[in-house]
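S.K.: have a look at this prediction, sequence included:
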Amino acid sequence: KNEVEQSPQNLTAQEGEFITINCSYSVGISALHWLQQHPGGGIVSLFMLSSGKKKHGRLIATINIQEKHSSLHITASHPRDSAVYICAVRSRAAGNKLTFGGGTRVLVKP
Amino acid sequence: NAGVTQTPKFQVLKTGQSMTLQCAQDMNHEYMSWYRQDPGMGLRLIHYSVGAGITDQGEVPNGYNVSRSTTEDFPLRLLSAAPSQTSVYFCASSYSAYTEAFFGQGTRLTVV
C-alpha cells in the first residue's frame, strides 16, 4: 500500500464547477506539497502546508494533521486547470525525502 | 533567476551508451534530488544531495551515478543505458527539507 493515496485518479468537470482532490497519508509528516503538471510539461509547486489552510487565486489547500488528510480545491474551474495534480509528503521517518501520490488527472471541459 | 534548469529536454540513447543529464539551480539551494516518472508509478527518487560533497541513494538508484561538487550543479550519469531506463527525469531543489521544492522542466529519455 502506497504511503500517499490520492482520489480520484481521474476527474472530469465542466468549466465553472468546483473541484476537490483528496490526499491521504499514513505517516507522520513535516510538510505536505501540492504540485501541478500540465501535459508534457514540467512540475510546478502550488502549495506547501504543515497546518491549516492556504489560498492562492482560485486554488485552496487544506490539511488535517490529526486525520492525515489534505484536500486541494479549485473554484470556478477553467480549461487551463486541466493538468495532473500530485500530492507529496515529507516525513522525518523517511529522512525528510518527498514521497509522492500517484496523481489526479483533471480535465475541465469548456 | 532561472530556477532549476535541466538539459537536455529530449534524448534518445542506444542500449549500452552512457550519458549525463545536467541539472543546475541558481537559488543557492542545499537540497537537490533526481526523480524518474513512469506511467502508473508516480515519481520515484533516484539520488539526492543535502549539500556539496554529500549524496545518497534513493528508492531506485541502480544504473545511475551522481556527484555534487558545487552547490549549483547536480548531474545524473547513466553508466550503461538500458531500455528499463526509458522515462521522464526530473531534477528538484529546495533550500531545506522544510521549504518549497522547485522542479526542472524534465528530460524525456528513450533507450532503444
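M.R.: In hand now; what should we look at?

S.K.: only C-alpha atoms from now on, for both contacts and neighbour counts.
M.R.: Fine.

S.K.: start and end of stretch B:102-111, how far apart?
M.R.: Distances were taken as Cα to Cα, to the nearest Å; on that basis the terminal residues of stretch B:102-111 are 27 Å apart.

S.K.: quick one: is that stretch near chain A?
M.R.: Yes: part of stretch B:102-111 sits near chain A under the criterion Cα under 8 Å from any Cα of the partner chain, namely B:Phe102, B:Phe103, B:Gly104, B:Gln105, B:Gly106.

S.K.: can you give me the neighbour number for the second one?
M.R.: Which is B:Phe103. B:Phe103 has 25 neighbours, counted by other Cα atoms under 10 Å in any protein chain shown.

S.K.: tell me the spacing between it and B:Leu21.
M.R.: When Cα to Cα is applied, the distance between B:Phe103 and B:Leu21 equals 14 Å.

S.K.: and stretch B:55-74, what's buried?
M.R.: Within stretch B:55-74, the residues that count as buried by 16 or more other Cα atoms under 10 Å in any protein chain shown are B:55, B:57-58, B:61, B:64-68, B:71-74.

S.K.: ok, back up a step: in a markdown table, list the residues of stretch B:102-111 next to chain A along with secondary structure.
M.R.: Supplementary listing: the residues of stretch B:102-111 next to chain A in a markdown table, determined by DSSP: H, G, I helix; E, B strand; the rest coil:
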| residue | secondary structure |
| --- | --- |
| B:Phe102 | strand |
| B:Phe103 | strand |
| B:Gly104 | coil |
| B:Gln105 | coil |
| B:Gly106 | coil |
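
S.K.: name the nearest of those residues relative to A:Gly52.
M.R.: B:Phe102 (22.2 Å; Cα to Cα).

S.K.: so who does the closest one touch?
M.R.: Contacts here follow Cα atoms under 8 Å, 6 or more residues apart in numbering or on different chains; on that basis B:Phe102 touches A:Val44, A:Ser45, B:Gly3, B:Val4, B:Ala92, B:Ser93, B:Ser94.

S.K.: just checking: what are the partner strands of the particular helix or strand that has B:Met32 in it?
M.R.: Of the helices and strands defined by DSSP states H and E, B:Met32 is found in strand B:31-38. According to DSSP bridges, strand B:31-38 forms sheet pairs with strand B:42-51 (antiparallel), strand B:87-94 (antiparallel).

S.K.: quick one: buried residues of that strand?
M.R.: B:Tyr31, B:Met32, B:Ser33, B:Trp34, B:Tyr35, B:Arg36, B:Gln37.

S.K.: what of stretch A:34-43?
M.R.: For stretch A:34-43, the buried set under the neighbour-count rule, 16+ other Cα under 10 Å, comprises A:Trp34, A:Leu35, A:Gln36, A:Gln37, A:His38, A:Ile43.

S.K.: for the contacts of B:Phe102, pick the one with the most neighbours.
M.R.: Using other Cα under 10 Å as the neighbour test, those are led by B:Ser93, with 31 neighbours.
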